[in-house]
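J.: mind looking at a prediction? Sequence and model below.
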Amino acid sequence: MTRTRLTALGDSFVEGYGMAAADGWVRLFADLFGLPEESIVNLGRYGATTGDVIDTQLGIALAARTPLIGVMVGANDLLGAYVPEQFRANLATLFSALTGPDTVVFTSTYPRIPRLEAMPRAFRELMTARFFEANECVRELAAATGVLCLDIARSPSWDRPVMWSADGLHPSPDGHRVFADAMADLVATSGGLR
């Protein structure tokens, strides 16, 4: 019986949306650590918010208690009915609940979404402010809880069109690959499974 080694919580990015292969970056990331498919629990669901992840995914992740846990969620909060205080509280709940002995928890910031460039100026400015605030929150909470944070919001790579699928909302196969490689490097450097 194969032991579960990796749990991924989150939204469509975690689910693998934007890539034909199942699980997207999660599968690619696992491959870099030599983890077989049966050792992965991918809980990512299209449209999930931080509140959804707490309600429907956190309990499963806590029961699995794998040595590697990825949490990538929040973009749907920012694009919807964003309440900064609730957003912060939800992320704090996720990060603090998942961290523990013999567990490496990792997350990322939110890059600029190309589709927003086609929106009216007032909406773009609102989204820019939200994403900036949310990224500061993610960095702060990750540092406070010992969660590894891949800061893709500050990476010029994510400004390249090739990183995004045709919908301008989800990463392309190239985006999934770049993310998987960068996250694997971060986890390996921290003393993770690699």
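T.: Looks like it arrived, so ask away.
J.: so for this structure, the centremost residue is which one?
T.: Centroid check for the chain by C-alpha atoms, centre = their mean gives residue 72 as the closest residue, at 1.9 Å.
J.: that one contacts residue 12, doesn't it?
T.: No - using C-beta atoms under 8 Å, residue 72 is not in contact with residue 12; the gap is 9.9 Å. To be clear about C-beta, it is placed using only N, CA and C from the backbone, and glycine gets the same treatment.
J.: list residues touching both of those two?
T.: residue 44 (C-beta atoms under 8 Å, 6 or more residues apart in numbering).
J.: where does pLDDT dip in the chain?
T.: 1-2, 20-22, 192-194 (pLDDT under 70).
J.: rerun at 50
T.: 1, 194 (pLDDT under 50).
J.: and the strands in it?
T.: 6-10, 40-42, 68-72, 104-108, 148-150 (DSSP state E).
J.: tell me which of these lies nearest to residue 131.
T.: Between residue 131 and those, the tightest spacing by C-beta to C-beta is seen for strand 104-108, at 12.7 Å.
J.: helices or strands up against that closest one?
T.: Strand 104-108 sits against strand 68-72, helix 84-98, helix 121-145, strand 148-150, helix 173-189, with contacts defined as 3 or more C-beta pairs under 8 Å, 6 or more residues apart in numbering; DSSP states H and E.
J.: go through the ones you listed and name the closest to residue 27.
T.: With respect to residue 27, and counting by C-beta to C-beta, the nearest of the helices and strands packed on strand 104-108 is helix 173-189 at 8.2 Å.
J.: okay, angle between the closest one and strand 104-108 too, please.
T.: 140 degrees (axes from the mean of the first three to the mean of the last three C-alpha atoms, to 10 degrees).
J.: done for today, thanks.
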